[in-house]
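Asker: need a 3D model of the following:
(4 chains)
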There are 4 protein chains.
Amino acid sequence: MSDSTGDLADRGEERIGWSRSRMALLGEVRERLAAEQPFAGRTIGVALHTEPKTAVLLETLAAGGARIIGTGNHGSTQDDVVAALGRRGITIFGRRDDTLDDHMRDLGRTLDAHPDVLLDNGADLALMALERGQAGELIGGTEETTSGGFRLREHESGGVPFPVIVINDSPLKAIAENRHAVGQSTVESFLRITNLSVIGKRVVVVGYGWVGRGVAQYLRSFGAKVAVVEADELKAFDAAFEGFRVAPLADLAGWAQVVLTATGRPGAVPIEAVERMEAGTVLGNVGHFPWEIDVAGLRDRATSVVDVSPGLERLDLPGGTHVVLVTGGRMFNLGGENPKGNSIESMDIGFLLQALSLERVVTRADSLVPGPQRVPDDIERHIARRVLAVMGAER
Amino acid sequence: MSDSTGDLADRGEERIGWSRSRMALLGEVRERLAAEQPFAGRTIGVALHTEPKTAVLLETLAAGGARIIGTGNHGSTQDDVVAALGRRGITIFGRRDDTLDDHMRDLGRTLDAHPDVLLDNGADLALMALERGQAGELIGGTEETTSGGFRLREHESGGVPFPVIVINDSPLKAIAENRHAVGQSTVESFLRITNLSVIGKRVVVVGYGWVGRGVAQYLRSFGAKVAVVEADELKAFDAAFEGFRVAPLADLAGWAQVVLTATGRPGAVPIEAVERMEAGTVLGNVGHFPWEIDVAGLRDRATSVVDVSPGLERLDLPGGTHVVLVTGGRMFNLGGENPKGNSIESMDIGFLLQALSLERVVTRADSLVPGPQRVPDDIERHIARRVLAVMGAER
Amino acid sequence: MSDSTGDLADRGEERIGWSRSRMALLGEVRERLAAEQPFAGRTIGVALHTEPKTAVLLETLAAGGARIIGTGNHGSTQDDVVAALGRRGITIFGRRDDTLDDHMRDLGRTLDAHPDVLLDNGADLALMALERGQAGELIGGTEETTSGGFRLREHESGGVPFPVIVINDSPLKAIAENRHAVGQSTVESFLRITNLSVIGKRVVVVGYGWVGRGVAQYLRSFGAKVAVVEADELKAFDAAFEGFRVAPLADLAGWAQVVLTATGRPGAVPIEAVERMEAGTVLGNVGHFPWEIDVAGLRDRATSVVDVSPGLERLDLPGGTHVVLVTGGRMFNLGGENPKGNSIESMDIGFLLQALSLERVVTRADSLVPGPQRVPDDIERHIARRVLAVMGAER
Amino acid sequence: MSDSTGDLADRGEERIGWSRSRMALLGEVRERLAAEQPFAGRTIGVALHTEPKTAVLLETLAAGGARIIGTGNHGSTQDDVVAALGRRGITIFGRRDDTLDDHMRDLGRTLDAHPDVLLDNGADLALMALERGQAGELIGGTEETTSGGFRLREHESGGVPFPVIVINDSPLKAIAENRHAVGQSTVESFLRITNLSVIGKRVVVVGYGWVGRGVAQYLRSFGAKVAVVEADELKAFDAAFEGFRVAPLADLAGWAQVVLTATGRPGAVPIEAVERMEAGTVLGNVGHFPWEIDVAGLRDRATSVVDVSPGLERLDLPGGTHVVLVTGGRMFNLGGENPKGNSIESMDIGFLLQALSLERVVTRADSLVPGPQRVPDDIERHIARRVLAVMGAER
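Answerer: Prediction:
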């Protein structure tokens, strides 16, 4: 190992160390897994955004006896973390600069290792395994995203023959991560990227699901005047009783100084709405997919597009108005310089859901049905009790 | 009609008038029902707490062509409202001073009128009709309470052969009434009955369902330090992420200055917990039933019980401590002098659910299944839209 | 003493007892005053609204050796409390049904007793004493109101020769009572008197002083959309940074569903503003004086005035609109049925300011200057420390 | 000019441009100053942290006719901004890598230019001018900091003969910047630097001045359980009525998970308190000076000090516990990677105070007294009105 790789791994270790020191739930379970070795003899194939917090999950599984081999998400892999993991025999193929072809090849290399279990993201590994005829080798797995669950449910050829526990459908994750952690990191990111004040700002939040509720709540707690756009009548009713103004986007576009969208749906902020906005309105997306604001349409229409600050572009529109687009319409709270993402504690909960669900797959696959399914209720309740204890909620 | 009855009716009219002027949703639908007469030729048998807001519901149904005959709740009927309703041919049998025997007789008199439809409360009328063999005469009905729904589901002899729409299971009612209106009227009632400050008070809320959430939220917004007791792990987790301290009642009893219970379950505040409380702790119940605090046990144990103010008793306990019991452990936000109950607007929503559900029963009973069931989804969504419009949420 | 007077006194005792049991600060000081007898041989002449909480103050002063003689406010004296005080030799002349002439005569009778010290309200006793040439008999006194302090400062004939400590200028009172207690009792009174919901209501608060800040804050915490009217630029700036919409009343009148005024100034809500309001706007005054809404002008203009509920009048205005006036424009949070006023704990603070200021007057008059002045700083700080201890703020 | 200097200046221009586009108040006044040229023929000597927002202030003064020459703060000067300013003839001597000797020399070079007016920071220029005998050349100036004002008041040799307007004593600045902007950037910085959640965290805020109030308020709004330490009884009373637990640091140290200090005083968090803290407690300073936490004492005592993440150090203490120190005890909300400091809008207010105060000095020095003094009241009120208009608070 050359010196510079050693340095890289050292830096990765340091950063993983801070996260590990604050992931008390994974710490607890790591000790038990190390003693019980439920993953002994098993290979877990992994597709997961690789950064310090996920590294703590992977080392926890390895402590339980698993051989781990896999790849990061395309374009977000942190090389120092990969180097640090490599030191203890956890193989992650991807690098930050990989092309999409590289990434697809690495998914294949992951399956070449003939995993028994998948820790999947967007169903990339599971669908490729089905295609390659490797389903019979698999005991089961977990899937991080709701949309991965959808892809598996829509799989045409006779369904998925092994159990896949969908982590993102967990109520614990909805509360801790989607609502509160994303709500707070959105406010943090707004301040960090734009350096603007939210006090007294007229902000429109499009979508009042788990994420939208949190974004609206925490912006209001920082003094913004928040209005909500929500097509579902029952959610809109809920928003009104929380004291939010509720109206269609068309009515609010001209009132807004900031518009944030969190609907999960393409085209939630169409060009027609943007054209009604006042000059200087700030436009951002908090949803997972970069399709909520019609960015392509806006760029087409714009008479000029100028970078005005890292993560901020000014788009001049015909008629003389302009909007400021945050992080190109990609996920707001992971954008700009030095994003940290959701809090360590919120990821500790999400990753404990992962670890205990994978343990359930390898130790009691017979208790699970084939195909995508929710986290078993007893795991949810066990984790809720542990979180309450670890948060020190009792003081 | 004697002069004094006329005066009584006049007073009832005035009070009904203020509620009517603020029940915009029922006002809208009354016009339509008057034009369409869906209840023409129908008799609605009613069992419902009789006060100004319910009177507006009954006159709305009468405007739609219904003959209405029924009784109030035992012990809470307001005679001036009965007199005012009598003037326009709406017959309510009960009086405030009725004995329980009187009340049972009035339920029978209601069924003697051979209603086609029931507007029921606690399933009193429906179960009596089944017993009397009148089920065949009934098209269906509504039931105000969740516990009435339970009684119907548990009915042994072969189920309930007609549809009963259970109003209290509505998400709109859960949000508008159970959470927000009761949460706010609990704070109002605490101030009105005790004249104590909530600022800085250490308050324990037992139960984090719809009602408990609202009570905890609004007490905190008035400066109380609120801790939550909740046996369900997932609800407890939710409370912790809203920033509440969460712990068992045994741990919190000695910390509390005020304990409010809203679990719906008997014995939620047992004597053992009360004995741990500091001298002067205020004890109240927000749940529907007076069984959450073990009042009988407390009175047995007490060395003295003294009225200290309207709605407040001091119970001295062996060992030298004492607690202050609010409204004898009966429903807090309807107790003390001059209680108004939930807001007119929240009842407007609940009663529009009643009116449209009853209309559905008489016009499209075929679209409903026999037995207790939820409010049809299209009615919920229609009402949500109307509430948003009437609240003026768009401004 | 006749039986019925005995009953009246018993009822007064019970009500005083509840307040006394929750006025921990006065309880502490009562013990010390009883031991030290600083008021021995002194007569305190009193003019003060007579109800259970003030009774606890008067009995505390009596315990310190004072002879007490005086009168209540005109029209608000509670006869049962007077009877209970009479039993222990505290003489209050007034009765609830007194005419203004009766009241003026009772002020005179109070001075006929040749008090050494005054516990005054609105400077009624002090100015009459100056007029009657009794100033030389007086060591000094306290004054409950800021406006009483103004009257003394404006006294023409050479100033006031004895020290008068003005209680209402205390920062502790401003925080505990004017801001928080009045803010909360205003929300309580709105719910109690109108039975309307505040959730989502568009409320305009006129005046952003201590009282207005509290009213705006607590209404917002109950879900109202609150806008503020404030002529002073610096206070308006403060309101804007608390996230409130700030605008002139003329601009907000048509937007409001509720208008509450708390400026202390006459004519804060003129007829021109009322005429811009939507039909059904609710209008109330939280300030001390009934002059903020131009009620006389409104009644003149109205085509009809109807009582719609206790404490609520409907005034129909030319052009077809109408407003709902709460408690005739008199102090909102003391109006309607069964008002309790500010919390017992907040009055405990205000009355400890009274007790310790009166003690300072009789024991160290030489440390005070002649004329109206603030509560000595050491008393403020002593009380702040005691409040923190008694609130149990440390837990 | 070399290419690389040109690139540097271009980058500076871009960053200044974003701030300028959001500093509406300075924008307004720049137009007027450009027309009226009040600074024509004047040289302003500047000592001010040089970054994009201050650049907008300097270019505004230059537009008003001023010749500007000066230096940044030691160690924080941003070279790209200096380069961009240089292009339009604004001379800032400092560079980021300057030694303290360099900085002192640059202060001297600033005075060598014989300024008529000072825009000073910490009274560095004013005191040096007095020492050098240049006082007679000076019309007056402004001083950014309260502590600079103190230094001037304590100046021994006969006081300061020219007027100095102290900007930081402005109530507008206290509200907009000290309370709200710092409160919010502290929460932002906590999330950005530590990546920890604040929900349910037990946080102690030491000091309840303008800054402490904001920090406590905004942390609570993000779900933290906040307790306050405050020696001044009246401020502590205020905190208790805002619903905060109030106690001495000695009592809270063992309860805390996070301790933030904002007192302005040295040694606010002594070693004895740190030794009572639980393992892992996070420790940070929000005050202007790095002396509130006894960092030197802690480092002496520590058995090891390890960097655990950018801006975070772990200090192991004898006895086996450890604390995590944020940004070495230096100002929290300017630390870590990519700090943006306070919001652009809040600085727009502070810099308008600067611009209008400097204008007052050059146009109406006769209306000012010699020595340090507050911003003239008419300037405060004028700015308050402009802020309300520009914030669009009226919608």
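Asker: the most centrally placed residue in chain A - nearest residue in space that isn't next to it in sequence?
Answerer: In chain A, the centroid-proximal residue (C-alpha atoms, centre = their mean) is residue A:288; its distance is 6.9 Å. Spatial nearest neighbour of residue A:288, chain neighbours left out: residue A:331 (6.4 Å); criterion: C-beta to C-beta, 6 or more residues apart in numbering or on different chains. (Glycine included, C-beta is placed from N, CA and C.)
Asker: show the contacting residues for the one you found.
Answerer: A:285, A:286, A:287, A:288, A:290 (C-beta atoms under 8 Å, 6 or more residues apart in numbering or on different chains).
Asker: OK, contacts around the fourth one?
Answerer: It stands for residue A:288. Contact analysis of residue A:288 by C-beta under 8 Å, 6+ apart lists A:145, A:147, A:264, A:331.
Asker: per-residue pLDDT, it?
Answerer: Among the per-residue scores, residue A:288 shows a pLDDT of 81.
Asker: may I have the phi/psi pair for it?
Answerer: Backbone torsions of residue A:288, given as degrees, to the nearest 10, read phi -70, psi -40.
Asker: tell me the pLDDT of the nearest residue to residue A:243 once chain neighbours are set aside.
Answerer: Leaving aside its chain neighbours, residue A:243 sits nearest to residue C:223 (3.7 Å; criterion: C-beta to C-beta, 6+ apart). The per-residue pLDDT reported for residue C:223 equals 96.
Asker: tell me the contacts of residue C:223?
Answerer: Per C-beta under 8 Å, 6+ apart, neighbours of residue C:223: A:241, A:242, A:243, B:180, C:198, C:199, C:200, C:201.
Asker: change it to 7 Å
Answerer: Neighbouring residues of residue C:223 by C-beta atoms under 7 Å, 6 or more residues apart in numbering or on different chains: A:243, C:198, C:199, C:200.
Asker: tell me if I'm right that the second one and residue C:224 touch.
Answerer: Yes - distance between residue C:198 and residue C:224: 4.5 Å, which falls inside the contact criterion (C-beta atoms under 7 Å).
Asker: which one's more surrounded, the two?
Answerer: residue C:198 (26 against 23; other C-beta atoms under 10 Å in any protein chain shown).
Asker: tell me the SS of that one?
Answerer: coil (DSSP: H, G, I helix; E, B strand; the rest coil).
Asker: need the contact list for it.
Answerer: Listed by C-beta under 7 Å, 6+ apart, the contact set of residue C:198 reads C:190, C:219, C:222, C:223, C:224.
Asker: pick the one among these closest to chain A.
Answerer: residue C:223 (3.7 Å; C-beta to the nearest C-beta).
Asker: distance of the residue lying closest to residue A:146 once chain neighbours are set aside from residue A:350?
Answerer: Nearest non-adjacent residue to residue A:146, counting by C-beta to C-beta, 6+ apart: residue A:168, 4.5 Å away. For residue A:168, the distance to residue A:350 equals 8 Å [C-beta to C-beta, to the nearest Å].
Asker: before we move on, what about residue A:307?
Answerer: Relative to residue A:350, and taking C-beta to C-beta, residue A:307 is found at 34 Å.
Asker: the residue located most distally from the centre of chain A: what secondary structure?
Answerer: Most distant residue from the mean C-alpha position of chain A: residue A:319, 37.7 Å away (C-alpha atoms, centre = their mean). Using three-state DSSP, the structure places residue A:319 in coil.
Asker: neighbours of the residue in the stretch 51-200 of chain A positioned nearest to chain D, how many?
Answerer: For the stretch 51-200 of chain A and chain D, the shortest gap (C-beta to the nearest C-beta) falls at residue A:197, measuring 3.7 Å. Residue A:197 has 27 neighbouring residues, counting by other C-beta under 10 Å.
Asker: any part of stretch A:355-374 near chain B?
Answerer: No - Stretch A:355-374 stays clear of chain B (C-beta under 7 Å from any C-beta of the partner chain), getting no nearer than 12.7 Å.
Asker: off-centre distance for that stretch?
Answerer: Chain-centre distance of stretch A:355-374: 22 Å, with C-alpha atoms, centre = their mean, to the nearest Å.
Asker: over to stretch A:266-281?
Answerer: Worked out by C-alpha atoms, centre = their mean, stretch A:266-281 lies 26 Å from the chain centre.
Asker: ok, and what's touching that stretch?
Answerer: A:206-207, A:249-250, A:253-254, A:256-259, A:261, A:283, A:291-294, A:297-298, A:301, A:317, A:321-324.
Asker: quick check: PyMOL command selecting the buried ones in these.
Answerer: With 16 or more other C-beta atoms under 10 Å in any protein chain shown as the criterion, this PyMOL line picks the buried residues out of these:
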select buried, chain A and resi 206+207+249+253+256+257+258+259+261+283+291+292+293+294+298+317+321+322+323+324
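Asker: out of the contacts of stretch A:266-281, which are inside strands?
Answerer: A:206, A:258, A:259, A:261, A:283, A:322, A:323, A:324 (DSSP state E).
Asker: show me the contacts for the second one.
Answerer: Residue A:258 is in contact with A:201, A:203, A:281, A:282, counting by C-beta under 7 Å, 6+ apart.
Asker: just put the contacts of residue A:288 in JSON lines and tack on secondary structure and pLDDT.
Answerer: As requested, those are exported to JSON lines (DSSP: H, G, I helix; E, B strand; the rest coil; pLDDT from 0 to 100):
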{"residue": "A:145", "secondary structure": "coil", "pLDDT": "88"}
{"residue": "A:147", "secondary structure": "helix", "pLDDT": "84"}
{"residue": "A:264", "secondary structure": "coil", "pLDDT": "86"}
{"residue": "A:331", "secondary structure": "strand", "pLDDT": "86"}
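Asker: quick revisit: need the pLDDT of the residue farthest from the centre of chain A.
Answerer: Confidence score, pLDDT, at residue A:319: 85.
Asker: ok, now residue A:158?
Answerer: For residue A:158, the predicted pLDDT is 70.
Asker: assumed it was part of a strand.
Answerer: No - using three-state DSSP, the assignment for residue A:158 is coil, not a strand.
Asker: where does pLDDT dip in the stretch 1-150 of chain A?
Answerer: For the stretch 1-150 of chain A, the stretches with pLDDT under 70 are A:1-4.
Asker: kindly recompute the last result at 90.
Answerer: A:1-7, A:11, A:14-15, A:49-51, A:72-78, A:94-100, A:145-147 (pLDDT under 90).
Asker: count of neighbours near the nearest residue to residue A:83 once chain neighbours are set aside?
Answerer: Leaving out its chain neighbours, the residue that sits closest to residue A:83 by C-beta to C-beta, 6+ apart is residue A:9, at 3.9 Å. By other C-beta under 10 Å, 21 other residues sit near residue A:9.
Asker: residue A:9: what's it in contact with?
Answerer: Residue A:9 sits in contact with A:80, A:83, A:84, A:87, where contact means C-beta under 7 Å, 6+ apart.
Asker: and the two most separated of those residues?
Answerer: With C-beta to C-beta as the measure, no two of the contacts of residue A:9 lie farther apart than A:80 and A:87, at 11.3 Å.
Asker: only whichever of the contacts of residue A:288 are buried, select them in PyMOL.
Answerer: Restricted to buried positions by 16+ other C-beta under 10 Å, the PyMOL selection for the contacts of residue A:288 reads:
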select buried, chain A and resi 145+147+264+331
